[in-house]
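# Generate coordinates for the sequence data below:
(chains A and B)
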Amino acid sequence: MDKKNTPLSKLFLLIIFLILYAPIFFLIFYSFNSGGNMNHFKGFTLDWYKELFHDSRLLIIVLNTVLVALLSSLIACIVGTFGALGIHSIRKKRPKNALLALNNVLIVSSDVVVGASFLILFTLAGIKLGMGSVLLSHIAFSIPIVVLMVLPKLQEMSPSLIDAARDLGASRWNVVTKVIFPYITPGVFAGFFMALTYSLDDFAVTFFVTGNGFSTLSVEIYSLARRGISLNINALSALMFLVTMLLVVVYYFISQRNKSSRLGVKK
Amino acid sequence: MNNKVTRNLYLLPYVLWIVLFVIAPIILVLYYSFFDVDGNFSFINYKTFFTPVYLQMTFSSFWYAFLITVMSLLVAYPTAYLLTKTKHKQLWLLLIIVPSWINLLLKAYAFIGIFGQQGFANAFLEAVGIGKQEILFTDFSFIFVSVYIFIPFMILPIFNSLNELNPTLLDAANDLGASKWTSFRRVIFPLTIDGVKAGCQVVFIPSLSLFMLTRLIAGNRVITLGTAIEQHFLVTRDWGMGATIAVFLIIIMVLIMTITGSRKKGV
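Model (predicted):
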């Protein structure tokens, strides 16, 4: 496939890119509109941003969302990494595959089913719907993502590295902290960022288990959008786009580093 | 290497997670599906599910999901193919993925503005001479927005499998006198079928349950299985019926997974 793209195919790609980005830039563009709607651009204003920063309720929701995302990704990272280590150390094929299949259930299930089943679970367990239930469910659906990001790293690690460490007198704990962890760190970081974006993005599961008092950004945007257009949301989306771009750049560098380290340490 | 005790220690929180958040919810959903609104054990929910109302809904839900999947595939395959021929393909791919990291609800909200009565799309249609149309709250808007949201998820696996394709195979096909179309039909497509399957899986299952889009974009005109589950759990509080629909969604999911093969690629 060394042929270059023809002008026609370049045009096709251009149109696809335009369609993919137009709605986002459309939102950001109208966030500066003093007219108050998304139809007619009246004049430039930063009022919506000012209003956004004075809306203390919304700011609390943003903080809650970030807090839930960070906490859930962190906890999911710990449980998931140890889970991946455990799965990796299982020799027999059948229990290993069974665990892997169970691991993927939450990833492939549709959000609504996950949300509904968690709602039943929390209600039966007597857990009050609110931050606790949202945090628990975010941890729950982030764990398999972390496992999936860490496992390939463990699989590509040559077992002779561990044997060498043991031969040189490393204790079992030393092997884990000095050999395995440094090797799988890029995978753990990638898992953390994936979990972070899933948590920040999640709407359906959160919507089911959020209850009345607690709200995350997605749920808040949904209830605002159901009431119709308000340019506050546009201003918010512009800010969220910036944050997303930042995350993308961080993620890009992590994945680049992953690649270079793979080149560095050959089996 | 790791002995059994440490391995079990690693696995303990992970297995606890599997039991609590993977196995228990599935069992609970199944359990609740056997209870009617008043909490009595019955098969009434299953009877209700097989009435024309629900069968019709299941059918239309499938039909929409099918349309969304096919449209995404039709857009995504050429895009992925052309992407593999660009110079900085990883960068372009990243740029395709970025919109998928923007909160789904913000994108839906953008389309409320674009497709609205006075919106951009109508202004465009009027300028071209077609005149104003009712775009928002139609089947078209629902499918368009869904396809828009799913395109990146479809492109990614297809791009990966096209990228792994050995270019010498194409040269061979070419040398043996295959036309462009023949080499696509006989070589490229069969060798990238795994990517297509993975993409379809990633699009089809979630699109059965896009209740937020049906609410925001389709104005309750489109009722999918996901909408019905949300309705039963959060509005009418008929958990039994909601759980029954969830059971069927789970069954459908398992069927799709077995049909498209269990090969999975990350999103």
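# Next up, the contacts around B:G195.
The contact partners of B:G195, by Cβ atoms under 8 Å, 6 or more residues apart in numbering or on different chains, come to B:A80, B:P157, B:I158, B:F159, B:N160, B:S161, B:L162, B:K265. (C-beta placed from N, C-alpha, C; glycine too.)
# try 10 Å
Neighbour list for B:G195: B:76-77, B:80, B:154-165, B:263, B:265 [criterion: Cβ atoms under 10 Å, 6 or more residues apart in numbering or on different chains].
# Look up the closest residue to it, ignoring the ones flanking it.
Spatial nearest neighbour of B:G195, chain neighbours left out: B:S161 (3.0 Å); criterion: Cβ to Cβ, 6 or more residues apart in numbering or on different chains.
# Show the contacting residues for that neighbour.
Contacts of B:S161 (Cβ under 10 Å, 6+ apart): B:80, B:84, B:188, B:191-199, B:265.
# Please tell me how far it sits from chain A.
13 Å (Cβ to the nearest Cβ, to the nearest Å).
# Name the SS class of that residue, please.
What DSSP: H, G, I helix; E, B strand; the rest coil gives for B:S161 is helix.
# What pLDDT is listed against it?
pLDDT recorded at B:S161 is 91.
# Next: A:Y222.
90.
# so which strand or helix has B:A228?
Assignment of secondary structure by DSSP states H and E places B:A228 within helix B:225-230.
# Nearest the geometric middle of chain B, what residue?
Residue closest to the average C-alpha location in chain B (Cα atoms, centre = their mean): B:V203, at 2.5 Å.
# Quick check: buried residues in the strand or helix carrying that residue?
Per DSSP H and E, B:V203 falls inside helix B:193-207. If you call a residue buried by 16 or more other Cβ atoms under 10 Å in any protein chain shown, then helix B:193-207 has these buried ones: B:194-207.
# and what of stretch A:166-174?
Buried-residue list, stretch A:166-174, by 16+ other Cβ under 10 Å: A:A170.
# Apart from its neighbours in sequence, what residue is nearest B:L73?
According to Cβ to Cβ, 6+ apart, the nearest residue to B:L73 is B:M154 (6.2 Å).
# contacting residues around the one you found?
Taking Cβ under 10 Å, 6+ apart, we find B:M154 in contact with B:68-69, B:71-77, B:79-80, B:147, B:195-196, B:198-200, B:202-203.
# Return the alpha-carbon coordinates of stretch A:229-239 using PDB.
C-alpha atoms of stretch A:229-239 as PDB (Å, rounded to 0.1, in the frame of the first residue of the first chain):
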ATOM      1  CA  ILE A 229     -30.400  25.300  24.900                       C
ATOM      2  CA  SER A 230     -28.500  27.300  27.400                       C
ATOM      3  CA  LEU A 231     -25.100  28.600  26.500                       C
ATOM      4  CA  ASN A 232     -23.700  27.800  29.900                       C
ATOM      5  CA  ILE A 233     -23.400  24.200  28.500                       C
ATOM      6  CA  ASN A 234     -21.500  25.600  25.500                       C
ATOM      7  CA  ALA A 235     -19.000  27.400  27.700                       C
ATOM      8  CA  LEU A 236     -18.700  24.200  29.800                       C
ATOM      9  CA  SER A 237     -18.100  22.100  26.700                       C
ATOM     10  CA  ALA A 238     -15.300  24.500  25.500                       C
ATOM     11  CA  LEU A 239     -13.500  24.000  28.800                       C
END
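# now it: mean pLDDT?
Rounded to a whole number, the mean pLDDT of stretch A:229-239 is 85.
# Check whether that stretch comes near chain B.
Yes - using Cβ under 10 Å from any Cβ of the partner chain, stretch A:229-239 reaches chain B at A:I229, A:S230, A:L231, A:I233, A:N234, A:L236, A:S237, A:A238.
# In the helix holding B:A228, which of the residues would be classed as buried?
Going by 16+ other Cβ under 10 Å, helix B:225-230 has these buried residues: B:L225, B:G226, B:T227, B:A228, B:I229, B:E230.
# For the stretch 51-200 of chain A, which segments count as helices?
A:56-89, A:93-108, A:111-125, A:131-156, A:159-167, A:172-174, A:181-201 (DSSP state H, counting those that start in this stretch).
# Adding mean pLDDT, write those helices out as a markdown table.
Below are those laid out as a markdown table (pLDDT from 0 to 100):
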| stretch | mean pLDDT |
| --- | --- |
| helix A:56-89 | 92 |
| helix A:93-108 | 87 |
| helix A:111-125 | 93 |
| helix A:131-156 | 93 |
| helix A:159-167 | 87 |
| helix A:172-174 | 82 |
| helix A:181-201 | 88 |
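# Nearest to B:L216, out of these?
When these are compared by Cβ to Cβ, helix A:111-125 sits nearest B:L216, at 15.2 Å.
# Give me the helices and strands touching that closest one, please.
helix A:93-108, helix A:131-156, helix A:204-209, helix B:24-32, helix B:193-207, helix B:211-216, helix B:225-230, helix B:239-259 (3 or more Cβ pairs under 10 Å, 6 or more residues apart in numbering or on different chains; DSSP states H and E).
# sorry, back to before: please identify which helix or strand holds the residue nearest to B:L73.
If you go by DSSP H and E, B:M154 is part of helix B:139-164.
# now that helix: how far from the chain's centre is it?
Here the centre of helix B:139-164 is set off from its chain's centre by 9 Å, with Cα atoms, centre = their mean, to the nearest Å.
# Quick check: buried residues in the next helix or strand after it?
As assigned by DSSP H and E, the chain's next helix or strand after helix B:139-164 is helix B:167-175. For helix B:167-175, the buried set under the neighbour-count rule, 16+ other Cβ under 10 Å, comprises B:L170, B:A173.
# avg pLDDT for helix B:167-175?
87.
# Would you point out which residue is most central in chain A?
Nearest residue to the geometric centre of chain A (Cα atoms, centre = their mean): A:T197, 2.1 Å.
# Now the closest residue to it other than its chain neighbours. Its backbone dihedrals?
Counting by Cβ to Cβ, 6+ apart, A:T197 lies nearest to B:W101, which is 5.9 Å off, once chain neighbours are set aside. For B:W101, the backbone dihedrals are phi -90, psi -10 (criterion: degrees, to the nearest 10).
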